[in-house]
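Participant: Give me a model of this one.
(chains A, B, C and D)
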Protein chains: 2
Amino acid sequence: MTTPLTDPAPADDGAPGTSRVPGARPRGRPRSAVAERAILDATMRLVAEQGSLAGLSIEAVAQEAGVGKATIYRRWPNKEALVIAALEAAEQPLPALPGDNVRDDLVLLLDAMRVNLIDARAEGLLSAVLGQVKQHPELGRRYHEVVIEKRRDAMRDVLRRGIASGELRDDVSIELMKDLLAAPMLTRKLMQELDLPPELPALIVDTVLAGIGTDRPQC
Amino acid sequence: MTTPLTDPAPADDGAPGTSRVPGARPRGRPRSAVAERAILDATMRLVAEQGSLAGLSIEAVAQEAGVGKATIYRRWPNKEALVIAALEAAEQPLPALPGDNVRDDLVLLLDAMRVNLIDARAEGLLSAVLGQVKQHPELGRRYHEVVIEKRRDAMRDVLRRGIASGELRDDVSIELMKDLLAAPMLTRKLMQELDLPPELPALIVDTVLAGIGTDRPQC
DNA sequence: ACGAAACGAGACTGAACCGTATCGAAATCC
DNA sequence: GGATTTCGATACGGTTCAGTCTCGTTTCGT
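Facilitator: Have a look, this model is predicted:
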């Protein structure tokens, strides 16, 4: 992709760089927001494709983004910082939860996860990060903050509400419930490369709620 | 590790190399089984450490194993083949299942998974393979055959038995049951780096069997 | 118009690594 | 003992890439 990139006319670079003086605008030519997007997009694509930071080269990113290497190094000091910026830029907001009904809220949360996992870039980034946590602890930490914890907290709120309302058992830890609900779709995609049909979230939620056993002590 | 490696006296190299003529023993010096083990062990350690094939160098394997590079290339043509051999060599047998009781068999299976995941090498190899499937489809295929499918089939048999005996619902697909049971421990270890306490398998099995909801249509 | 900074392109140095080849020593068969 | 093959070690040419720097050009503020 060597399409020439051009910024829109006045190019209102609100926050193009990563670390800039908070004071007045500097003197020379402002940094291109278009180039920045192209770099982050290319980074996402290539990390997802390579499955690791070791397999990602800055040179390939520059090529793929149609950008000079200096334009990348001007913004981020190394690969790890670049990948962290890319994953933060790609993060999507969680769906609004009506809150009428715990079961439906859980299905909504799982469906948001499902849509995200279907995106090859997000799924590739996830599996790459998993393998690179030991080598790049800062990357793992930020992924947790930006991606994992946000979802975990949202689900925890719903589960807490369900326990309070009596829709969920009060003798099972919230952490365990969360893992039981969220994990199956992840492993389906990550380990088996299966597709995730739209009805899967509801199926998982209903089955986890009801259990797969036939006898039940508390009945 | 530059400890000098020595084979035991007669060094009964039953199957040291990977591709050898099935006929009579060749003429020269036989291949060292000790070197072979050292290479495979070093490969496992380094892949787990690097989290990817791209981050693994044959030179580092030779160094870590205390072996010349030629000794590696004599056996395997490239990195992918080497890593496949390493994962196959590290594979452990599954536990014997008494079969008296579906619940207990499931706990045994999950506990075998748990013990495996606690091993840093096995866990590191798993997360590395997950990220490298796109780049190395053959590696993914073999991992599936050797590791995943064996466990999946064992669990499927137990679940089928449970449905037949009436211990499990007959209106939930076996694939879904398997994912509900196996996935939570995987994501705990892979995504959250939590430890896996010994009581976790029983807790997961019992909770999935009973369900986390309080109301139940079929009661 | 002028200076300042960013732009794409690519030259450059140095490091890491691949895969092959060569060395003398060691292990095995005939 | 001689032929043969593997051993660890290391040298070798070739490739890829990191990170810096230098072009000439472009886009801003003044």
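Participant: what's the closest non-adjacent residue to the closest residue to chain B within chain A?
Facilitator: In chain A, the residue that lies nearest chain B is residue A:211 (2.7 Å; C-beta to the nearest C-beta). Using the backbone N, CA and C atoms, a C-beta is placed for each residue, glycine as well. Counting by C-beta to C-beta, 6 or more residues apart in numbering or on different chains, residue A:211 lies nearest to residue B:211, which is 2.7 Å off, once chain neighbours are set aside.
Participant: Is the one you found in contact with residue A:215, as I believe?
Facilitator: No - shown here, residue B:211 and residue A:215 do not form a contact pair, counting by C-beta atoms under 8 Å, at 11.7 Å.
Participant: Now do residue A:86 against residue A:37, distance only.
Facilitator: Residue A:86 sits 10 Å away from residue A:37, going by C-beta to C-beta, to the nearest Å.
Participant: Check residue A:79 too.
Facilitator: 19 Å.
Participant: Between these two, which has more neighbouring residues?
Facilitator: residue A:79 (19 against 14; other C-beta atoms under 10 Å in any protein chain shown).
Participant: Residue A:58 is in contact with that one, correct?
Facilitator: Yes - if you go by C-beta under 8 Å, residue A:79 and residue A:58 touch, sitting 6.5 Å apart.
Participant: what about the residue nearest to residue A:211, how many residues close to it?
Facilitator: Count around residue B:211 with other C-beta under 10 Å applied: 22.
Participant: How about the contacts made by it?
Facilitator: A:208, A:209, A:210, A:211, A:212, A:213, A:216 (C-beta atoms under 8 Å, 6 or more residues apart in numbering or on different chains).
Participant: The same query, at a cut-off of 10 Å, please.
Facilitator: Neighbouring residues of residue B:211 by C-beta atoms under 10 Å, 6 or more residues apart in numbering or on different chains: A:168-169, A:172, A:180, A:206-213, A:216.
Participant: Weed out the non-buried ones from those residues.
Facilitator: A:168, A:169, A:172, A:180, A:206, A:207, A:208, A:209, A:210, A:211, A:212, A:213 (16 or more other C-beta atoms under 10 Å in any protein chain shown).
Participant: nearest spatial neighbour of the fifth one, skipping sequence neighbours?
Facilitator: Excluding its sequence neighbours, the residue lying closest to residue A:206 (C-beta to C-beta, 6+ apart) is residue A:103, at 7.4 Å.
Participant: In terms of helix, strand or coil, where does the residue in chain A that DNA strand C sits nearest to fall?
Facilitator: With C-beta to the nearest atom of the strand, the shortest gap between chain A and DNA strand C falls at residue A:28, namely 1.7 Å. Classification of residue A:28 using DSSP: H, G, I helix; E, B strand; the rest coil returns coil.
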